[in-house]
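Q: what's the 3D shape of this:
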Amino acid sequence: MMKQLLLFWMIAGAVSACIDRVSLPIRNEAPRLVVDGLITNEKPPYSVRLSYSGSFTFDQDTPQDQKITNATVTLKDDAGHSTPLVHSMFNQGYYQTTDSSFVGQPGRSYTLTVRLADGKTYVSAPEKMPAVPPIDSVYAKFTATESVTLPYQYYIYLDATDPAAQANYYRWTAFTYTARRSTGIPCCLGCPGKCYDRCWLKYFSQDITILSDNGVNGNRLRQRQVMRSPIYTPGPTLIEVQQFSMTPAAYQFWKLFKEQQSRTGTIFDPLPASVIGNIANASDSKDQALGYFGASAVARKRFRERGDETYGTAIYGYISSVLVPEGDCRQTYGYATPVVEPPGWL
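A: Residues are numbered from 1 along each chain as shown. Below you'll find the model as predicted:
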């Protein structure tokens with residue numbers, strides 16, 4: 001028995017002696033200014049978010065942002081007009097315009113200036129707001145998925161016509177309102193009817209959806225998928241799609257950002273580089289901020305999907321059989337959640 005134990009420890013020691021310690025790559029970066037802002041042709045206010053990027057190491061999931069609350073922020077156009085942005089009391093790190101007469105216009109160029117508390121001043125490259133064509137139609141397709149928890153979804157699409165006169169770059173976002181159920185509560189003492197058993201929750205598109213019209217210039221844009229929306233209960237879904245114009249520089253920024261988000265690999269692959277935007281230190285062009293300040297015209301279109309397919313026998317049976325929370329739906333989904341169908345959709 002002693003010989004066997006001795007042999008085991010000799011083998012274990014030999015194996016451990018052959019193992020080299022591997023030092024994984026670790027990147028520690030100094031905090032950098034991060035700017036996220038956009039001016040549109042819609043009514044103000046316009047918002048800019050300012051923060052510092054945190055240091056990145058392999059024991060962190062994501063860098064920790066540090067919100068900037070004491071900067072001086074100014075927005076100006078190429079006609080000599082300017083307006084300050086004031087820090088929001090309710091959203092740390094967010095700055096908003098307060099001048100209702102300062103409205104973005106297609107064809108005008110806009111520049112953002114950020115002066116930090118340490119005296120550094122960062123200025124964006126001028127962004128000329130391109131015009132945007134209208135959205136022709138928005139529609140939804142009821143789709144069975146392979147998800148066990150969410151077997152049915154609406155895939156949201158749009159059709160639009162691309163102008164042939166110039167190069168165009170697009171970004172699309174969308175949101176939906178869909179109902180979530182609960183058992184509800186009696187509408188009054190002794191009443192058999194139930195109230196507050198349906199809350200309308202807002203869901204936003206998560207994917208970066210962009211397009212250059214290179215190769216499709218002047219053609220009709222058909223079935224551009226912009227969102228997948230969950231279905232939790234039979235009934236209608238309310239949809240809004242936004243179509244943004246972009247400059248070529250903004251398109252390249254979003255393209256690189258999308259590629260970096262979808263990148264996969266191993267821990268031994270090169271670490272992804274930061275996506276540099278269009279903002280730099282006015283005194284040192286090598287000191288570049290992260291993020292982007294853009295100028296986009298916006299077209300919006302709404303559509304009310306009646307949800308006829310959610311009342312199909314098998315589908316209705318499945319959706320209706322899903323367990324729902326007890327009591328007032330607002331206790332689960334928030335007391336600010338609408339309990340009647342939001343207005344504004346035909």
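Q: how about the strands of the stretch 201-346 of the chain, start to end?
A: For the stretch 201-346 of the chain, applying DSSP state E, counting those that start in this stretch gives strands covering 209-212, 220-230, 237-245, 276-281, 284-296, 298-305.
Q: thought Lys67 was touching Asp36?
A: No: Lys67 lies out of contact with Asp36 (CB atoms under 8 Å); the separation is 11.7 Å. (Glycine included, C-beta is placed from N, CA and C.)
Q: Could you check which of those two has the larger neighbour count?
A: Taking neighbours as other CB atoms under 10 Å, Lys67 and Asp36 compare with Asp36 leading, 17 against 14.
Q: Which residues does the more buried one form beta bridges with?
A: Arg49, Tyr292 (DSSP bridges).
Q: For it, give its distance to Gly190.
A: Distance of Asp36 to Gly190, computed by CB to CB, to the nearest Å: 53 Å.
Q: before we move on, what about Lys120?
A: 67 Å.
Q: again with Ala295
A: Ala295 is 59 Å from Gly190, by CB to CB.
Q: Same question for Ala160.
A: Distance from Ala160 to Gly190, by CB to CB: 54 Å.
Q: more crowded one of these two?
A: Ala160 (24 against 6).
Q: which other helices and strands contact whichever strand or helix holds that one?
A: Ala160 belongs to strand 152-161 when assigned by DSSP states H and E. Helices and strands touching strand 152-161, by 3 or more CB pairs under 8 Å, 6 or more residues apart in numbering; DSSP states H and E, are strand 135-144, strand 169-181, strand 220-230, strand 237-245.
Q: okay, how far is it across stretch 117-131, tip to tip?
A: End-to-end span of stretch 117-131 (CA to CA, to the nearest Å): 36 Å.
Q: pretty sure Ile239 contacts Val138?
A: Yes: taking contacts as CB under 8 Å, Ile239 lies within contact range of Val138: 6.0 Å.
Q: And the most centrally placed residue in the chain, how close does it get to Tyr95?
A: The chain has Gln206 as the residue nearest its centroid, 5.3 Å off, counting by CA atoms, centre = their mean. Distance, Gln206 to Tyr95, by CB to CB: 25 Å.
Q: same deal with Tyr46?
A: 9 Å.
Q: who's more crowded, these two?
A: Taking neighbours as other CB under 10 Å, Tyr46 and Tyr95 compare with Tyr95 leading, 26 against 23.
Q: List the beta-bridge partners for that one.
A: Bridge pairing for Tyr95 - DSSP bridges - gives Val48, His87.
Q: Would you agree it is in contact with Thr83?
A: No: with contact defined as CB under 8 Å, Tyr95 does not count as touching Thr83 (11.2 Å).
Q: Mutual contacts of Ile239 and Val138, please.
A: Common contacts of Ile239 and Val138 (CB atoms under 8 Å, 6 or more residues apart in numbering): 156, 302-303.
Q: hmm, which of those are the buried ones?
A: If you count burial by 16 or more other CB atoms under 10 Å, the buried members of those come out as 156, 303.
Q: Any chance of the helices and strands packed on strand 152-161 in JSON lines with mean pLDDT, distance to Asn41 and mean neighbour count as columns?
A: Compiled in JSON lines, these are given as follows (pLDDT from 0 to 100; distance: least, CB to CB, whole Å; neighbours: other CB atoms under 10 Å):
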{"stretch": "strand 135-144", "mean pLDDT": "95", "distance to Asn41": "15", "mean neighbour count": "16"}
{"stretch": "strand 169-181", "mean pLDDT": "97", "distance to Asn41": "15", "mean neighbour count": "21"}
{"stretch": "strand 220-230", "mean pLDDT": "95", "distance to Asn41": "20", "mean neighbour count": "17"}
{"stretch": "strand 237-245", "mean pLDDT": "98", "distance to Asn41": "9", "mean neighbour count": "23"}
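Q: mind putting those in JSON lines, distance to Ala282 included?
A: Compiled in JSON lines, those are given as follows (distance: least, CB to CB, whole Å):
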{"stretch": "strand 135-144", "distance to Ala282": "39"}
{"stretch": "strand 169-181", "distance to Ala282": "27"}
{"stretch": "strand 220-230", "distance to Ala282": "37"}
{"stretch": "strand 237-245", "distance to Ala282": "27"}
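Q: any idea how the chain splits into domains?
A: 33-130+247-295, 135-245+299-333 (automatic domain parsing).
Q: By mean pLDDT, show me the worst of those.
A: Note on the domains of the chain: lowest mean pLDDT is at domain 33-130+247-295, with a mean of 88.
Q: what about that one, how long is it end to end?
A: 20 Å.
Q: Report the distance from that domain to the chain centre.
A: Taking CA atoms, centre = their mean, to the nearest Å, one finds the center of domain 33-130+247-295 at 15 Å from the center of the full chain.
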